[in-house]
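In: need a structure here:
(one chain, ligands or ions: 2)
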Amino acid sequence: MPKLLVENLSKSYVQEGQRLPVLDGISFAVEPGAFVAIVGPSGCGKSTLMEIICGLEPADAGTVAVDGKPVTGPGHVAYMPQEDLLFPWRRLIDNLIVPLQLKGVPRHAARQEAHRWLPFFGLDGFADAYPSQLSGGMRQRAALLRTFLTEREIIALDEPFGALDAHTRRRMQVWLADVHRQMRRTVLLITHDVDEALVLADRVVVLGPRPARVVYEADIDLPRPRDILSPAFAAYKGAVLAHLGNGEEDPSAPAVAGPPPGAMAGGRRGH
Ligand SMILES: Nc1ncnc2c1ncn2[C@@H]1O[C@H](COP(=O)(O)OP(=O)(O)OP(=O)(O)O)[C@@H](O)[C@H]1O
Ligand SMILES: [Mg+2]
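Out: Ligands and ions are numbered 1, 2, ... in the order given. From the prediction side, this is the model:
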């Protein structure tokens, strides 16, 4: 049974009296422990999809199921929203313990638990710093650690490295791959960085422009750590960019002919 099953989700918002269709019949499945990346053009509905999956926003039609049970509200998924949302008035350690406190863990025990993870998340020595005293990368790692401390089997990350420069972003990707390998949670990652999706994910789901539909999905059958300079990587990237449309996500990307035979074994067109 898939860990997460999204079936036929549709959603419209109303803006200034006009109906704005945002999601149009989205379906995909995520296997237990898998890392699935969702890519799509800006404004296509990625964050809306994530909020519905996390039970924070109702869908107009369709279902989300975790372990076969329909999601009717929040609580199934650890969610890192697109903004880091650290409380500026709380020290790092007290930001990190929020999910533990929400579960009823006493403050002292919660702090001890959070402390244990600081070195692994590159935050050692910063427990007492305020968010304004941390770098952008540290704030994002802190938001990630807080998400992991939520201790749900599914972790949903909405552009977790969006605010970072390319170099820091690459380092964070290596690090997230490592975290996933060690912690073995099911991860859903939204990104508009195709390289990031292909470096990290077991499966990439490509959404088309708003209203979003799944236009392409592929299992990324490449050894880890991924070599972004390999021809097989370039072939996957070419296929994903082709389905994203005009390649606006990465204008510098070289044109790639088709994928080599076999590279797209898991690929299939969406609905
Ligand atoms: N709460 C809301 N009320 C009304 N419209 C909304 C709401 N949230 C999102 N929208 C609209 O839905 C569309 C999709 O927004 P969404 O944030 O899901 O896109 P996105 O793919 O995450 O974009 P980005 O890549 O820029 O993060 C946008 O046109 C946005 O204006
Ligand atoms: Mg978004």
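In: Near ligand 2, which residues of this structure are found?
Out: Within the chain, the positions adjacent to ligand 2 are 46-47, 82 by C-beta under 5 Å from the ion. Heads up, the C-betas are built off the backbone N, CA and C, glycines and all.
In: out of these, which are buried?
Out: For these, a neighbour count by 16 or more other C-beta atoms under 10 Å gives the buried set as 46-47.
In: So which of the residues of the chain next to ligand 2 belong to helices?
Out: Cross-referencing those against helices under DSSP state H gives 46-47.
In: near ligand 1, which of the residues of the chain next to ligand 2 show up?
Out: 46-47, 82 (C-beta under 6 Å from any ligand atom).
In: could I get those residues as a markdown table with distance to P211 and pLDDT?
Out: Converted to a markdown table, these look like this (distance: C-beta to C-beta, whole Å; pLDDT from 0 to 100):
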| residue | distance to P211 | pLDDT |
| --- | --- | --- |
| K46 | 12 | 95 |
| S47 | 14 | 94 |
| Q82 | 19 | 80 |
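In: okay, now the domains of this structure?
Out: Using automatic domain parsing, the domain ranges for the chain come out as 4-76+154-269, 83-151.
In: Lowest average confidence across these, which one?
Out: Sorting those by mean pLDDT places domain 4-76+154-269 lowest, at a mean of 87.
In: Stretch 182-192: end-to-end distance?
Out: 25 Å (C-alpha to C-alpha, to the nearest Å).
In: Any idea how far that stretch is from the middle of the chain?
Out: 6 Å (C-alpha atoms, centre = their mean, to the nearest Å).
In: For that stretch, list every residue counted as buried.
Out: Using 16+ other C-beta under 10 Å as the test for burial, stretch 182-192 gives 185-192.
In: Stretch 92-100 now?
Out: Within stretch 92-100, the residues scored as buried using 16+ other C-beta under 10 Å are 92-100.
In: coming back round to it: specify which member of the buried residues of stretch 182-192 is nearest to ligand 2.
Out: I190 (6.6 Å; C-beta to the ion).
In: So the closest one lies in a strand, does it not?
Out: Yes. Using DSSP: H, G, I helix; E, B strand; the rest coil, the assignment for I190 is a strand.
In: From what I see, it and S47 are in contact.
Out: Yes. I190 is in contact with S47 according to C-beta atoms under 8 Å; the separation is 7.0 Å.
In: Any buried residues in the longest helix anywhere in the chain, and which?
Out: Longest helix in the chain by number of residues (criterion: DSSP H): helix 166-183. Going by neighbour count (16+ other C-beta under 10 Å), the buried part of helix 166-183 is 169-170, 172-173, 175-177, 179-180.
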